[in-house]
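Novice: just coords:
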């Protein structure tokens, strides 16, 4: 597999990096690392120390990228006790500088990580995706992609949605709250190329979409977006949650993932065939079948927590089977058949709680396997795919998807065994820890009566 690399700074690039920030009046730089869940972790550095840390790397606990959702280091991952809990180095990617508009004279930079001997941390989600993009490039393909997210906005103290009802696409709801108006402007100032914003189906639920970007930049933008939304709204007395199913009986929150391939030499959309009735090239069909062939394993990354599986239910536009369809919102893979340069596909299974780097990595890796194997796409079936009981089902429990991932040798080879070993161990431990908790619903059901 083609390997990506961590950026290598020189004394000159580090000096220029820091000098440019000084010229722009920056006082602090946030070195940020996407962890396993897509949460930003890192350190904030005064401008006087930026040049040194950019050149030499910024030390950080080496197992940070493998912490579970409660920041617990899990044994057996190869990143914690088995390497004596050593540090790693955060290496700033100069292409990822952006503003933190609600903090004075502060910017952020996204980092890759490496061990002190120079080896990249191959289990870091950003490096996993960079390696998949490199694999696509080795086949002659560039990747254009975009994430879209739904999330609930609630009062910080009561945790109740800021409005009731189901006002999907109601314009007045979109502009009812000045805090949300401010958020849209903060996102623009943060470099988020947002193209649409709207109220969603649930009370207090929103959806924001971005234009497509090339390669790692698309996932970087999604990372900045999610962390900006959460961090900024707290300053306005609100809480944004990307938890997949925060309320019983209300809409879950998803992260639809859009992707296409283009020819690195010509820039032409590889997915487009203007002769095909749906605009689908043979390569696009192979790619789609690859996603379907490995969907059970991809589910472990598309829906990475036990809560995510509460959303995978028939009839609620959260696909529960392995299917594809042209412009079919009930299918797992929806073909956006524009029949022009915008031709692409949309994977509708991932949850809002998913890590943008890993959602992209799993989907693209499976699609590339489909191309390599020239996998024939099964004919589209008529009608809503969600209503067809003959389709194979996606896993509806975390342990099922983790088992499917562990059994998928081809996908493991694409994603890297170092990453998959770490991921399955962390997610299994997280799942078992939460399984030991006693849900309130069980106490209410059994405690008094029995």
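Specialist: Noted; the coordinates are in hand. Bear in mind that the values here come from a model prediction, so they are computed numbers and not experimental data.
Novice: Could you look up the SS state of residue 29?
Specialist: Look at residue 29: counting by DSSP: H, G, I helix; E, B strand; the rest coil, its state is strand.
Novice: Report the separation between it and residue 95.
Specialist: Distance of residue 29 to residue 95, given as C-beta to C-beta, to the nearest Å: 15 Å. Where you see a C-beta, it was placed from the backbone N, CA and C, and this is true even at glycine.
Novice: Looking at those two, which has the bigger crowd around it?
Specialist: Legend: neighbour count by other C-beta atoms under 10 Å for residue 29 and residue 95, higher for residue 29 (26 against 11).
Novice: wait, isn't the more buried one in contact with residue 110?
Specialist: No - if you go by C-beta atoms under 8 Å, residue 29 and residue 110 don't touch, sitting 11.5 Å apart.
Novice: tell me which residues in stretch 77-84 are buried?
Specialist: Residues 77, 78, 79, 80 are the ones in stretch 77-84 that count as buried (16 or more other C-beta atoms under 10 Å).
Novice: can you confirm residue 330 is in a strand?
Specialist: No - according to three-state DSSP, residue 330 belongs to no strand; its state is coil.
Novice: For it, grab the count of nearby residues.
Specialist: 22.
Novice: any idea how far residue 142 is from the nearest residue to it once chain neighbours are set aside?
Specialist: Residue nearest to residue 330 in three dimensions, not counting chain neighbours: residue 386, with 3.5 Å by C-beta to C-beta, 6 or more residues apart in numbering. Using C-beta to C-beta, residue 386 is found at 33 Å from residue 142.
Novice: Which one's more surrounded, the two?
Specialist: Neighbours were counted for residue 386 and for residue 142 using other C-beta under 10 Å; residue 386 has more, 23 against 17.
Novice: Now do the SS call for the more buried one.
Specialist: Applying three-state DSSP: residue 386 is helix.
Novice: and what of residue 151?
Specialist: Once three-state DSSP is applied, residue 151 turns out strand.
Novice: residues near it, how many?
Specialist: Neighbour number of residue 151 under other C-beta under 10 Å is 25.
Novice: ok, now residue 307?
Specialist: 17.
Novice: what do you get for residue 39?
Specialist: Using other C-beta under 10 Å, residue 39 has 17 other residues around it.
Novice: For it, give me the pLDDT.
Specialist: According to the prediction, residue 39 has pLDDT 97.
Novice: any idea which element the closest residue to it other than its chain neighbours lies in?
Specialist: Ranked by C-beta to C-beta, 6+ apart and with sequence neighbours excluded, the top spatial neighbour of residue 39 is residue 227, at 7.1 Å. Assigned by DSSP states H and E, residue 227 belongs to helix 216-235.
Novice: again, but for residue 43
Specialist: Under the assignment here (DSSP H and E), residue 43 is part of strand 40-46.
Novice: Now do the buried residues in stretch 100-118.
Specialist: Quick answer for stretch 100-118 (16+ other C-beta under 10 Å): 100, 101, 102, 103, 107, 108, 109, 110, 111, 112, 113, 114.
Novice: isn't residue 250 right up against residue 202?
Specialist: Yes - using C-beta under 8 Å, residue 250 is in contact with residue 202, at 4.7 Å.
Novice: And residue 286, how close does it get to residue 139?
Specialist: Residue 286 is 12 Å from residue 139, by C-beta to C-beta.
Novice: Now do the shared contacts for the two.
Specialist: Shared contacts of residue 286 and residue 139 (C-beta atoms under 8 Å, 6 or more residues apart in numbering): residue 371.
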